[in-house]
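*Asks:* Sequence first, predicted coordinates after that:
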Amino acid sequence: MEIQSFSNLQLELLRVFSREIADEDVLAIRKMLASYFAEKAIKMADKTWDENGWKSTDTERLSQEHNRKSTTF
């Protein structure tokens with residue numbers, strides 16, 4: 001049986017939210033986290049776009065490619 005440890009983020013969230021949180025607050029926090037990571041992904045995509053010198057005409061070509069790459073944030 002493999003023992004899994006908590007990530008640094010999980011430990012921090014456990015410390016911060018060691019008391020009962022209202023359901024509406026949980027939903028608001030979930031939305032904030034989703035927005036944060038979505039913004040981070042967009043910035044990474046923009047950086048890649050700029051680094052490769054892609055133009056709007058490359059959008060169709062890129063949408064037809066099937067490249068999958070694991071990325072660690």
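*Replies:* Yes, it's here. Residues are numbered from 1 along each chain as shown.

*Asks:* C-alpha from now on. contacts and neighbour counts both.
*Replies:* Will do.

*Asks:* Could you measure from residue 39 over to residue 22?
*Replies:* 26 Å (C-alpha to C-alpha, to the nearest Å).

*Asks:* These two - which one has more neighbours?
*Replies:* A count of neighbours by other C-alpha atoms under 10 Å puts residue 39 above the other of residue 39 and residue 22, at 12 against 9.

*Asks:* Next one: residue 21 from residue 12, what distance?
*Replies:* 15 Å.

*Asks:* Mind checking which of the two has more residues around it?
*Replies:* Each of residue 21 and residue 12 has its neighbours counted (other C-alpha under 10 Å); residue 12 has more, 12 against 9.

*Asks:* Please report how far that one lies from residue 33.
*Replies:* 14 Å.

*Asks:* per-residue confidence at residue 14?
*Replies:* Note on residue 14: pLDDT of 90.

*Asks:* just residue 55 next, same as before
*Replies:* Per-residue confidence (pLDDT) for residue 55: 87.

*Asks:* same thing with the one 4 residues further on?
*Replies:* Per-residue confidence at residue 59 stands at 80 (pLDDT).

*Asks:* Now it: which helix or strand?
*Replies:* Using DSSP states H and E, residue 59 falls within helix 58-64.

*Asks:* and if you look at residue 42?
*Replies:* Counting by DSSP H and E, residue 42 is part of helix 23-52.

*Asks:* since we're on residue 47, how many residues are nearby?
*Replies:* As a burial measure, residue 47 scores 12 neighbours (other C-alpha under 10 Å).

*Asks:* do residue 44 as well
*Replies:* By other C-alpha under 10 Å, the burial measure for residue 44, its neighbour count, is 13.

*Asks:* That one and residue 38: what is the separation?
*Replies:* In terms of C-alpha to C-alpha, residue 44 sits 10 Å off from residue 38.

*Asks:* cool, residue 57 as well?
*Replies:* 24 Å.

*Asks:* which one of those two has more residues nearby?
*Replies:* residue 38 (12 against 8).
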